[in-house]
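K.L.:
Sequence and predicted structure are below.
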Amino acid sequence: MKTRHRLSRRAFLGSAAATVAVASGVSSQASSATARGGASLPVAPAERRARANILTLYLAKPIPTWPRPDFDPQDDIRRIRAVLARYEARPEPAVQFFGHELLRVPDDLSRLQPSLRQADGLLVFNLTSTVMNMIEPLSEAGLPLVLFSQPYSGHDWSEWSALRARGRLIEVVASSDFADLETPLQVMAARQQMRQSRILCVSPRSEHTESSRALEEKFGTPIRFLDYSRLQSLYQAVDQEAARRDAAKFTAAALKVVEPKPAEVADSFRLYQAVEKLMEEEQANAITIDCLGGFRRGELPAYPCVAWSKLNDRGLHGVCEGDLETTFTQMLFAYYSGKPGFVSDPVFDTATNTVIHAHCVSATRLDGPQGPAAPYIVRSHMEDNKGVSMQVNMRVGQVVTVAKLADANTLLISTGRIIATPDLPRGCRTKVATKVKDTARMLENYGAGLHRVLFYGDHLRAAHQMGHLLGLKVEEET
(Lines give C-alpha, C1' and ligand atoms only; values in the text may rest on other atoms or scores of the structure.)
Protein backbone atom coordinates (compact mmCIF):
# COMPACT_ATOMS: atom_id res chain seq x y z
CA MET A 1 0.00 0.00 0.00
CA LYS A 2 2.73 2.53 0.90
CA THR A 3 4.52 1.94 -2.42
CA ARG A 4 1.40 2.83 -4.36
CA HIS A 5 0.96 5.99 -2.29
CA ARG A 6 4.55 7.04 -2.90
CA LEU A 7 4.28 6.61 -6.67
CA SER A 8 1.07 8.57 -6.91
CA ARG A 9 2.38 11.36 -4.69
CA ARG A 10 5.29 12.05 -7.04
CA ALA A 11 2.93 12.69 -9.93
CA PHE A 12 0.35 14.45 -7.81
CA LEU A 13 2.61 16.65 -5.68
CA GLY A 14 5.30 17.40 -8.19
CA SER A 15 3.84 20.82 -8.94
CA ALA A 16 1.71 21.19 -5.81
CA ALA A 17 4.36 23.01 -3.76
CA ALA A 18 3.23 26.29 -5.28
CA THR A 19 -0.35 25.53 -4.29
CA VAL A 20 0.66 24.96 -0.68
CA ALA A 21 2.76 28.13 -0.69
CA VAL A 22 -0.20 30.16 -1.93
CA ALA A 23 -2.44 28.65 0.74
CA SER A 24 -0.03 29.49 3.56
CA GLY A 25 1.08 33.04 2.76
CA VAL A 26 -0.79 36.25 3.42
CA SER A 27 0.45 38.26 0.46
CA SER A 28 0.18 35.39 -2.00
CA GLN A 29 -3.35 34.65 -0.78
CA ALA A 30 -4.29 38.24 -1.45
CA SER A 31 -2.95 38.01 -4.99
CA SER A 32 -4.88 34.76 -5.47
CA ALA A 33 -8.09 36.50 -4.39
CA THR A 34 -7.38 39.35 -6.79
CA ALA A 35 -6.89 36.89 -9.63
CA ARG A 36 -10.39 35.54 -8.97
CA GLY A 37 -11.89 39.03 -9.06
CA GLY A 38 -11.47 40.15 -5.42
CA ALA A 39 -9.56 43.33 -6.24
CA SER A 40 -9.96 44.83 -2.78
CA LEU A 41 -10.71 43.65 0.71
CA PRO A 42 -14.37 43.80 1.76
CA VAL A 43 -15.56 46.53 4.09
CA ALA A 44 -18.67 44.70 5.30
CA PRO A 45 -18.73 40.90 4.94
CA ALA A 46 -22.52 40.83 4.78
CA GLU A 47 -22.42 43.19 1.80
CA ARG A 48 -19.43 41.87 -0.16
CA ARG A 49 -18.64 38.27 0.58
CA ALA A 50 -16.77 36.10 -1.92
CA ARG A 51 -17.68 32.43 -1.80
CA ALA A 52 -15.12 29.76 -0.98
CA ASN A 53 -14.18 27.65 -4.00
CA ILE A 54 -14.59 24.00 -3.02
CA LEU A 55 -13.00 21.45 -5.34
CA THR A 56 -15.43 18.50 -5.36
CA LEU A 57 -14.13 15.01 -6.10
CA TYR A 58 -15.72 11.56 -6.30
CA LEU A 59 -13.53 8.52 -5.66
CA ALA A 60 -14.49 5.04 -6.86
CA LYS A 61 -12.14 2.14 -7.65
CA PRO A 62 -12.55 0.55 -11.12
CA ILE A 63 -13.94 -2.78 -9.86
CA PRO A 64 -16.16 -2.14 -6.82
CA THR A 65 -16.67 -4.49 -3.91
CA TRP A 66 -18.35 -2.22 -1.33
CA PRO A 67 -21.05 -0.98 -1.66
CA ARG A 68 -21.81 -3.74 -4.19
CA PRO A 69 -20.08 -5.31 -7.22
CA ASP A 70 -22.47 -3.80 -9.82
CA PHE A 71 -22.25 -0.29 -8.37
CA ASP A 72 -22.48 2.59 -10.90
CA PRO A 73 -20.86 5.74 -9.40
CA GLN A 74 -22.78 8.03 -11.77
CA ASP A 75 -26.01 7.30 -9.90
CA ASP A 76 -24.51 8.63 -6.66
CA ILE A 77 -22.83 11.57 -8.41
CA ARG A 78 -26.13 12.77 -9.88
CA ARG A 79 -27.79 12.57 -6.47
CA ILE A 80 -24.92 14.35 -4.72
CA ARG A 81 -24.70 17.13 -7.29
CA ALA A 82 -28.38 17.90 -6.80
CA VAL A 83 -27.76 18.28 -3.05
CA LEU A 84 -24.73 20.52 -3.61
CA ALA A 85 -26.71 22.70 -6.02
CA ARG A 86 -29.18 23.38 -3.22
CA TYR A 87 -26.29 24.41 -0.94
CA GLU A 88 -25.02 26.80 -3.61
CA ALA A 89 -28.45 28.39 -3.92
CA ARG A 90 -28.34 29.45 -0.26
CA PRO A 91 -26.54 32.55 1.06
CA GLU A 92 -24.86 30.45 3.78
CA PRO A 93 -22.56 28.57 3.80
CA ALA A 94 -20.86 30.95 1.35
CA VAL A 95 -19.41 28.21 -0.87
CA GLN A 96 -19.40 27.21 -4.52
CA PHE A 97 -18.48 23.77 -5.83
CA PHE A 98 -16.43 23.10 -8.92
CA GLY A 99 -14.49 20.29 -10.56
CA HIS A 100 -16.85 17.36 -9.93
CA GLU A 101 -14.17 14.96 -11.11
CA LEU A 102 -14.59 11.19 -10.88
CA LEU A 103 -11.22 9.65 -9.97
CA ARG A 104 -10.73 5.89 -10.31
CA VAL A 105 -6.97 5.32 -9.83
CA PRO A 106 -4.06 7.30 -8.30
CA ASP A 107 -2.79 8.34 -11.75
CA ASP A 108 -6.00 10.36 -12.19
CA LEU A 109 -4.75 12.78 -9.51
CA SER A 110 -2.19 14.30 -11.86
CA ARG A 111 -4.89 16.16 -13.81
CA LEU A 112 -6.01 18.14 -10.75
CA GLN A 113 -3.20 20.71 -10.65
CA PRO A 114 -5.08 23.62 -12.31
CA SER A 115 -8.09 23.00 -10.09
CA LEU A 116 -6.00 22.86 -6.92
CA ARG A 117 -4.61 26.30 -7.64
CA GLN A 118 -8.17 27.68 -7.61
CA ALA A 119 -9.37 25.72 -4.59
CA ASP A 120 -9.95 27.01 -1.06
CA GLY A 121 -10.83 23.52 0.17
CA LEU A 122 -11.62 19.98 -0.92
CA LEU A 123 -14.89 18.04 -0.62
CA VAL A 124 -14.30 14.35 -1.28
CA PHE A 125 -16.85 11.54 -1.55
CA ASN A 126 -15.58 7.97 -1.23
CA LEU A 127 -18.22 6.21 -3.31
CA THR A 128 -16.55 2.81 -3.00
CA SER A 129 -14.17 1.13 -0.61
CA THR A 130 -10.37 1.06 -0.87
CA VAL A 131 -9.66 4.59 -2.14
CA MET A 132 -7.19 5.66 0.56
CA ASN A 133 -4.49 5.54 -2.12
CA MET A 134 -6.13 8.73 -3.47
CA ILE A 135 -7.35 10.29 -0.19
CA GLU A 136 -3.90 10.32 1.40
CA PRO A 137 -2.13 12.23 -1.39
CA LEU A 138 -5.08 14.63 -1.61
CA SER A 139 -4.63 15.36 2.09
CA GLU A 140 -1.04 16.44 1.35
CA ALA A 141 -2.18 19.36 -0.82
CA GLY A 142 -2.18 21.73 2.18
CA LEU A 143 -5.90 22.53 1.92
CA PRO A 144 -8.70 21.62 4.33
CA LEU A 145 -10.35 18.40 3.18
CA VAL A 146 -13.82 17.15 4.11
CA LEU A 147 -14.43 13.45 3.43
CA PHE A 148 -18.15 12.61 3.26
CA SER A 149 -18.52 8.87 3.79
CA GLN A 150 -22.01 7.45 3.30
CA PRO A 151 -22.94 4.21 5.06
CA TYR A 152 -21.77 1.13 3.15
CA SER A 153 -19.45 3.11 0.88
CA GLY A 154 -16.36 1.62 2.51
CA HIS A 155 -14.04 1.97 5.47
CA ASP A 156 -11.46 4.56 4.42
CA TRP A 157 -12.78 6.84 7.17
CA SER A 158 -10.97 4.55 9.62
CA GLU A 159 -7.59 6.10 8.74
CA TRP A 160 -8.51 9.75 9.23
CA SER A 161 -7.23 10.04 12.80
CA ALA A 162 -3.84 8.78 11.65
CA LEU A 163 -3.81 11.43 8.90
CA ARG A 164 -4.69 14.17 11.39
CA ALA A 165 -1.89 12.96 13.66
CA ARG A 166 0.46 13.70 10.77
CA GLY A 167 -0.81 17.27 10.51
CA ARG A 168 -3.32 16.86 7.67
CA LEU A 169 -6.31 19.22 7.67
CA ILE A 170 -9.06 16.64 7.35
CA GLU A 171 -12.56 16.15 8.74
CA VAL A 172 -14.68 13.04 8.17
CA VAL A 173 -18.46 13.23 8.02
CA ALA A 174 -19.74 9.64 8.24
CA SER A 175 -23.47 10.10 7.75
CA SER A 176 -26.53 9.28 5.67
CA ASP A 177 -27.71 12.90 5.99
CA PHE A 178 -26.18 15.49 3.66
CA ALA A 179 -27.32 18.20 6.09
CA ASP A 180 -24.34 17.14 8.21
CA LEU A 181 -22.11 18.79 5.60
CA GLU A 182 -23.31 22.23 6.63
CA THR A 183 -21.01 22.74 9.62
CA PRO A 184 -17.71 21.79 7.93
CA LEU A 185 -18.69 23.75 4.82
CA GLN A 186 -19.40 26.76 7.02
CA VAL A 187 -15.97 26.33 8.64
CA MET A 188 -14.30 26.36 5.21
CA ALA A 189 -16.32 29.45 4.25
CA ALA A 190 -15.22 31.15 7.49
CA ARG A 191 -11.59 30.28 6.74
CA GLN A 192 -11.90 31.92 3.34
CA GLN A 193 -13.54 35.02 4.82
CA MET A 194 -10.68 35.33 7.31
CA ARG A 195 -8.28 35.34 4.38
CA GLN A 196 -10.23 38.14 2.70
CA SER A 197 -10.30 40.33 5.82
CA ARG A 198 -8.02 42.99 7.23
CA ILE A 199 -7.51 44.10 10.83
CA LEU A 200 -6.51 47.55 12.09
CA CYS A 201 -4.73 47.74 15.45
CA VAL A 202 -4.57 51.29 16.83
CA SER A 203 -2.09 51.51 19.69
CA PRO A 204 1.37 52.84 20.58
CA ARG A 205 2.77 49.59 19.21
CA SER A 206 3.95 49.90 15.62
CA GLU A 207 5.08 46.43 14.65
CA HIS A 208 4.39 42.74 15.05
CA THR A 209 5.11 40.63 18.06
CA GLU A 210 5.88 36.96 17.62
CA SER A 211 2.29 36.08 18.58
CA SER A 212 0.63 38.58 16.23
CA ARG A 213 2.80 37.46 13.34
CA ALA A 214 1.84 33.85 14.02
CA LEU A 215 -1.87 34.75 13.98
CA GLU A 216 -1.52 36.64 10.73
CA GLU A 217 0.28 33.76 9.06
CA LYS A 218 -2.05 31.09 10.45
CA PHE A 219 -5.30 32.68 9.29
CA GLY A 220 -4.03 34.68 6.32
CA THR A 221 -5.46 37.91 7.77
CA PRO A 222 -3.22 40.99 7.44
CA ILE A 223 -2.84 43.26 10.48
CA ARG A 224 -2.13 46.97 9.98
CA PHE A 225 -0.66 48.83 12.97
CA LEU A 226 -1.55 52.52 13.29
CA ASP A 227 -0.99 55.22 15.89
CA TYR A 228 -3.83 57.51 16.99
CA SER A 229 -3.04 60.48 14.74
CA ARG A 230 -5.20 59.58 11.72
CA LEU A 231 -8.14 58.66 13.90
CA GLN A 232 -7.79 61.97 15.74
CA SER A 233 -7.80 63.89 12.44
CA LEU A 234 -10.83 62.02 11.17
CA TYR A 235 -12.61 62.68 14.46
CA GLN A 236 -12.01 66.42 14.12
CA ALA A 237 -13.40 66.33 10.56
CA VAL A 238 -16.71 64.65 11.47
CA ASP A 239 -19.91 66.65 10.95
CA GLN A 240 -20.82 67.43 14.56
CA GLU A 241 -24.47 68.13 13.82
CA ALA A 242 -24.83 64.72 12.15
CA ALA A 243 -23.19 63.11 15.18
CA ARG A 244 -25.66 64.88 17.50
CA ARG A 245 -28.61 63.64 15.41
CA ASP A 246 -27.34 60.05 15.54
CA ALA A 247 -26.73 60.38 19.28
CA ALA A 248 -30.29 61.58 19.82
CA LYS A 249 -31.71 58.58 17.93
CA PHE A 250 -29.47 56.27 19.97
CA THR A 251 -30.61 57.66 23.32
CA ALA A 252 -34.26 57.74 22.23
CA ALA A 253 -34.10 54.00 21.47
CA ALA A 254 -32.59 53.17 24.89
CA LEU A 255 -34.53 52.00 27.92
CA LYS A 256 -33.00 54.95 29.74
CA VAL A 257 -29.88 57.10 30.03
CA VAL A 258 -28.15 57.06 33.40
CA GLU A 259 -24.80 58.90 33.62
CA PRO A 260 -23.74 60.33 30.22
CA LYS A 261 -24.51 63.88 29.12
CA PRO A 262 -25.75 64.52 25.54
CA ALA A 263 -22.37 65.98 24.56
CA GLU A 264 -20.59 62.78 25.64
CA VAL A 265 -22.96 60.64 23.57
CA ALA A 266 -22.39 62.92 20.56
CA ASP A 267 -18.63 62.54 21.02
CA SER A 268 -19.05 58.75 20.94
CA PHE A 269 -20.84 59.05 17.59
CA ARG A 270 -18.14 61.37 16.27
CA LEU A 271 -15.65 58.62 17.10
CA TYR A 272 -17.87 55.96 15.47
CA GLN A 273 -18.01 57.97 12.24
CA ALA A 274 -14.25 58.54 12.36
CA VAL A 275 -13.69 54.79 12.81
CA GLU A 276 -16.00 54.06 9.86
CA LYS A 277 -13.98 56.44 7.68
CA LEU A 278 -10.66 54.94 8.81
CA MET A 279 -11.87 51.43 8.03
CA GLU A 280 -13.15 52.55 4.65
CA GLU A 281 -9.83 54.17 3.78
CA GLU A 282 -7.89 51.10 4.89
CA GLN A 283 -10.38 48.62 3.36
CA ALA A 284 -10.57 46.86 6.73
CA ASN A 285 -13.47 45.06 8.34
CA ALA A 286 -12.05 44.66 11.86
CA ILE A 287 -10.48 47.08 14.30
CA THR A 288 -9.10 46.88 17.82
CA ILE A 289 -7.79 49.83 19.83
CA ASP A 290 -5.75 50.19 23.00
CA CYS A 291 -8.77 52.07 24.32
CA LEU A 292 -8.07 52.22 28.05
CA GLY A 293 -4.52 53.47 27.58
CA GLY A 294 -5.43 55.78 24.72
CA PHE A 295 -8.25 57.46 26.63
CA ARG A 296 -6.13 57.77 29.77
CA ARG A 297 -3.25 59.37 27.82
CA GLY A 298 -5.59 61.76 26.00
CA GLU A 299 -4.86 60.18 22.59
CA LEU A 300 -8.41 58.86 22.21
CA PRO A 301 -11.11 61.56 22.33
CA ALA A 302 -13.87 59.17 23.48
CA TYR A 303 -14.31 55.54 24.46
CA PRO A 304 -15.18 53.33 21.44
CA CYS A 305 -17.80 51.23 23.30
CA VAL A 306 -20.73 52.56 21.26
CA ALA A 307 -18.76 52.38 18.00
CA TRP A 308 -17.89 48.74 18.64
CA SER A 309 -21.53 47.89 19.39
CA LYS A 310 -22.65 49.52 16.14
CA LEU A 311 -19.93 47.81 14.06
CA ASN A 312 -20.66 44.40 15.53
CA ASP A 313 -24.39 44.84 14.91
CA ARG A 314 -23.55 45.32 11.21
CA GLY A 315 -21.39 42.23 10.80
CA LEU A 316 -18.12 44.13 11.16
CA HIS A 317 -15.75 43.67 14.10
CA GLY A 318 -14.83 46.16 16.81
CA VAL A 319 -12.81 44.59 19.62
CA CYS A 320 -11.55 45.90 22.94
CA GLU A 321 -8.14 46.81 24.28
CA GLY A 322 -5.86 46.06 21.31
CA ASP A 323 -6.32 42.33 22.00
CA LEU A 324 -5.46 40.54 18.75
CA GLU A 325 -6.05 36.98 19.97
CA THR A 326 -9.55 38.04 20.97
CA THR A 327 -10.04 39.87 17.66
CA PHE A 328 -9.17 36.74 15.68
CA THR A 329 -11.48 34.68 17.91
CA GLN A 330 -14.38 37.05 17.36
CA MET A 331 -13.88 37.12 13.60
CA LEU A 332 -13.52 33.36 13.19
CA PHE A 333 -16.65 32.47 15.14
CA ALA A 334 -18.66 35.39 13.74
CA TYR A 335 -17.84 34.29 10.19
CA TYR A 336 -18.77 30.73 11.09
CA SER A 337 -21.98 31.47 13.01
CA GLY A 338 -23.15 34.79 11.54
CA LYS A 339 -23.37 36.16 15.11
CA PRO A 340 -21.20 38.76 16.84
CA GLY A 341 -19.19 37.93 19.93
CA PHE A 342 -19.31 39.55 23.36
CA VAL A 343 -15.76 40.08 24.66
CA SER A 344 -15.78 39.61 28.41
CA ASP A 345 -13.84 39.74 31.65
CA PRO A 346 -15.09 36.54 33.34
CA VAL A 347 -15.93 36.42 37.04
CA PHE A 348 -16.21 33.05 38.84
CA ASP A 349 -18.70 32.07 41.53
CA THR A 350 -18.03 28.48 42.57
CA ALA A 351 -20.82 28.68 45.18
CA THR A 352 -23.43 28.81 42.42
CA ASN A 353 -21.41 27.08 39.68
CA THR A 354 -21.68 30.16 37.49
CA VAL A 355 -19.36 32.32 35.43
CA ILE A 356 -20.39 35.96 35.05
CA HIS A 357 -19.22 37.54 31.79
CA ALA A 358 -18.87 41.30 32.13
CA HIS A 359 -17.74 44.16 29.88
CA CYS A 360 -18.75 47.67 28.88
CA VAL A 361 -19.02 46.75 25.18
CA SER A 362 -21.71 44.57 23.65
CA ALA A 363 -23.52 44.26 20.36
CA THR A 364 -27.31 44.42 20.57
CA ARG A 365 -28.03 42.14 17.58
CA LEU A 366 -26.56 39.03 19.16
CA ASP A 367 -28.49 36.71 16.81
CA GLY A 368 -26.79 38.39 13.83
CA PRO A 369 -27.27 41.59 11.80
CA GLN A 370 -30.76 40.57 10.68
CA GLY A 371 -31.87 39.55 14.16
CA PRO A 372 -33.73 41.58 16.79
CA ALA A 373 -31.92 44.19 18.86
CA ALA A 374 -31.66 43.54 22.59
CA PRO A 375 -32.79 46.36 24.90
CA TYR A 376 -30.03 48.55 26.33
CA ILE A 377 -29.34 51.29 28.84
CA VAL A 378 -26.90 54.11 28.09
CA ARG A 379 -24.23 54.14 30.78
CA SER A 380 -20.77 55.54 31.49
CA HIS A 381 -17.63 53.44 31.24
CA MET A 382 -17.62 51.77 34.66
CA GLU A 383 -13.94 51.81 35.61
CA ASP A 384 -13.62 55.61 35.57
CA ASN A 385 -17.28 56.67 35.28
CA LYS A 386 -16.47 58.62 32.11
CA GLY A 387 -17.60 58.55 28.51
CA VAL A 388 -20.36 56.31 27.17
CA SER A 389 -20.91 52.57 27.24
CA MET A 390 -23.93 50.26 27.09
CA GLN A 391 -25.69 47.92 29.46
CA VAL A 392 -27.23 45.32 27.12
CA ASN A 393 -29.86 42.92 28.43
CA MET A 394 -29.09 39.59 26.82
CA ARG A 395 -31.60 36.75 26.55
CA VAL A 396 -32.03 34.69 29.71
CA GLY A 397 -32.17 30.96 28.94
CA GLN A 398 -29.92 31.29 25.87
CA VAL A 399 -27.28 28.58 25.37
CA VAL A 400 -23.90 30.16 24.68
CA THR A 401 -20.42 29.18 23.57
CA VAL A 402 -17.34 30.86 25.05
CA ALA A 403 -14.14 30.77 23.02
CA LYS A 404 -10.57 32.10 22.98
CA LEU A 405 -7.64 31.57 20.67
CA ALA A 406 -4.90 31.14 23.25
CA ASP A 407 -2.40 31.41 20.42
CA ALA A 408 -2.28 30.70 16.70
CA ASN A 409 -2.53 26.96 17.26
CA THR A 410 -4.76 26.53 20.33
CA LEU A 411 -8.50 27.14 20.72
CA LEU A 412 -10.12 27.15 24.17
CA ILE A 413 -13.85 26.39 24.24
CA SER A 414 -16.71 25.93 26.69
CA THR A 415 -20.49 26.16 26.76
CA GLY A 416 -23.07 27.41 29.23
CA ARG A 417 -26.54 28.87 29.59
CA ILE A 418 -27.49 32.43 30.54
CA ILE A 419 -29.47 32.34 33.79
CA ALA A 420 -29.46 36.03 34.73
CA THR A 421 -28.38 39.53 33.66
CA PRO A 422 -27.16 41.01 36.98
CA ASP A 423 -27.93 44.69 37.47
CA LEU A 424 -25.45 45.57 40.19
CA PRO A 425 -23.23 48.61 40.92
CA ARG A 426 -20.17 46.36 40.59
CA GLY A 427 -18.24 45.25 37.55
CA CYS A 428 -18.59 46.28 33.92
CA ARG A 429 -21.93 47.52 32.64
CA THR A 430 -23.13 44.50 30.61
CA LYS A 431 -23.19 41.33 32.70
CA VAL A 432 -24.54 37.84 32.06
CA ALA A 433 -24.42 35.00 34.58
CA THR A 434 -23.95 31.62 32.91
CA LYS A 435 -24.46 28.19 34.40
CA VAL A 436 -21.55 25.92 33.41
CA LYS A 437 -20.46 22.34 34.00
CA ASP A 438 -17.72 22.87 36.57
CA THR A 439 -16.51 26.32 37.61
CA ALA A 440 -13.92 24.90 40.00
CA ARG A 441 -12.23 22.94 37.24
CA MET A 442 -12.37 25.90 34.85
CA LEU A 443 -10.88 28.17 37.50
CA GLU A 444 -8.11 25.72 38.29
CA ASN A 445 -7.03 25.45 34.65
CA TYR A 446 -7.68 29.06 33.57
CA GLY A 447 -5.04 30.68 31.39
CA ALA A 448 -4.27 32.46 28.09
CA GLY A 449 -5.15 35.91 29.41
CA LEU A 450 -8.35 37.21 30.92
CA HIS A 451 -10.59 37.83 27.92
CA ARG A 452 -13.06 35.31 26.52
CA VAL A 453 -15.61 35.79 23.71
CA LEU A 454 -19.23 34.72 24.19
CA PHE A 455 -21.52 33.78 21.26
CA TYR A 456 -25.15 32.78 21.20
CA GLY A 457 -25.62 29.08 20.35
CA ASP A 458 -23.87 25.79 21.01
CA HIS A 459 -20.82 25.67 18.74
CA LEU A 460 -18.86 23.00 20.60
CA ARG A 461 -18.95 20.42 17.81
CA ALA A 462 -18.17 23.12 15.26
CA ALA A 463 -15.13 24.15 17.32
CA HIS A 464 -13.73 20.63 17.08
CA GLN A 465 -14.35 20.62 13.33
CA MET A 466 -12.53 23.96 13.14
CA GLY A 467 -9.66 22.27 14.89
CA HIS A 468 -9.54 19.45 12.34
CA LEU A 469 -9.85 21.73 9.29
CA LEU A 470 -7.72 24.68 10.45
CA GLY A 471 -5.01 22.79 12.34
CA LEU A 472 -5.97 23.95 15.84
CA LYS A 473 -5.62 22.06 19.09
CA VAL A 474 -9.04 22.35 20.75
CA GLU A 475 -9.16 22.30 24.54
CA GLU A 476 -12.47 22.21 26.41
CA GLU A 477 -12.23 24.40 29.49
CA THR A 478 -14.97 22.50 31.36
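P.N.:
Yep, that arrived.

K.L.:
just checking, what packs against the lengthiest helix in the chain?
P.N.:
For the chain, the helix with the greatest residue count under DSSP state H is helix 262-282. Counting contacts by 3 or more CB pairs under 8 Å, 6 or more residues apart in numbering; DSSP states H and E, the secondary-structure elements packed against helix 262-282 are strand 199-202, helix 229-237, helix 240-252, strand 286-289, helix 305-313, strand 386-392. Just so you know, the C-beta spots here come from the backbone N, C-alpha and C atoms, and that holds for glycine as well.

K.L.:
Kindly present these as CSV, with separate columns for distance to Pro64, mean pLDDT and mean neighbour count.
P.N.:
Shown next, in CSV, are the helices and strands packed on helix 262-282 (distance: least, CB to CB, whole Å; pLDDT from 0 to 100; neighbours: other CB atoms under 10 Å):
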stretch, distance to Pro64, mean pLDDT, mean neighbour count
strand 199-202, 49, 97, 24
helix 229-237, 63, 97, 16
helix 240-252, 64, 98, 15
strand 286-289, 49, 98, 26
helix 305-313, 51, 97, 25
strand 386-392, 57, 97, 24
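
K.L.:
could you dump those to a markdown table with distance to Leu109?
P.N.:
Putting these into a markdown table (distance: least, CB to CB, whole Å) gives the following:
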| stretch | distance to Leu109 |
| --- | --- |
| strand 199-202 | 37 |
| helix 229-237 | 50 |
| helix 240-252 | 57 |
| strand 286-289 | 38 |
| helix 305-313 | 44 |
| strand 386-392 | 52 |
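
K.L.:
For the residue nearest the centre of the chain, grab phi and psi.
P.N.:
Geometric centre of the chain, nearest residue: Leu332, 1.2 Å, by CA atoms, centre = their mean. Dihedral angles of Leu332 (phi, psi; degrees, to the nearest 10) stand at phi -60, psi -50.

K.L.:
do you know how far it is from Phe455?
P.N.:
Here the criterion is CB to CB, to the nearest Å. By it, Leu332 lies 10 Å from Phe455.

K.L.:
same question, Ala214
P.N.:
In this view, Ala214 and Phe455 are 23 Å apart by CB to CB.

K.L.:
and if you look at Glu383?
P.N.:
Distance, Glu383 to Phe455, using CB to CB: 25 Å.

K.L.:
Neighbour count for the two, which is higher?
P.N.:
Relative neighbour count places Phe455 above the other of Glu383 and Phe455, with 22 against 11, counting by other CB atoms under 10 Å.

K.L.:
Three-state assignment for that one, please.
P.N.:
When states are read from DSSP: H, G, I helix; E, B strand; the rest coil, the local structure at Phe455 comes out as strand.

K.L.:
how about it, what does it touch?
P.N.:
Phe333, Ala334, Ser337, Lys339, Pro340, Gly341, Phe342, Val400, Thr401, Val402, Ala403 (CB atoms under 8 Å, 6 or more residues apart in numbering).

K.L.:
which residues pair with it across the strands?
P.N.:
Counting by DSSP bridges, Phe455 is bridged to Thr401.

K.L.:
ok, it to Asp180 distance?
P.N.:
Look at Phe455 and Asp180: by CB to CB, they are 21 Å apart.

K.L.:
so which of the contacts of Phe455 is the most crowded?
P.N.:
Top of the contacts of Phe455 by neighbour number is Pro340, holding 32 neighbours under the definition other CB under 10 Å.

K.L.:
That residue looks like it's in a helix, true?
P.N.:
No - with three-state DSSP as the criterion, Pro340 is located in coil rather than a helix.

K.L.:
residue contacts, it?
P.N.:
Neighbouring residues of Pro340 by CB under 8 Å, 6+ apart: Asn312, Asp313, Gly315, His317, Gln330, Ala334, Ala363, Arg365, Leu366, Gly368, Phe455.

K.L.:
Specify which member of those residues is nearest to Val187.
P.N.:
In terms of CB to CB, no member of these lies closer to Val187 than Ala334, at 13.0 Å.

K.L.:
Right, I'll call it a day here.
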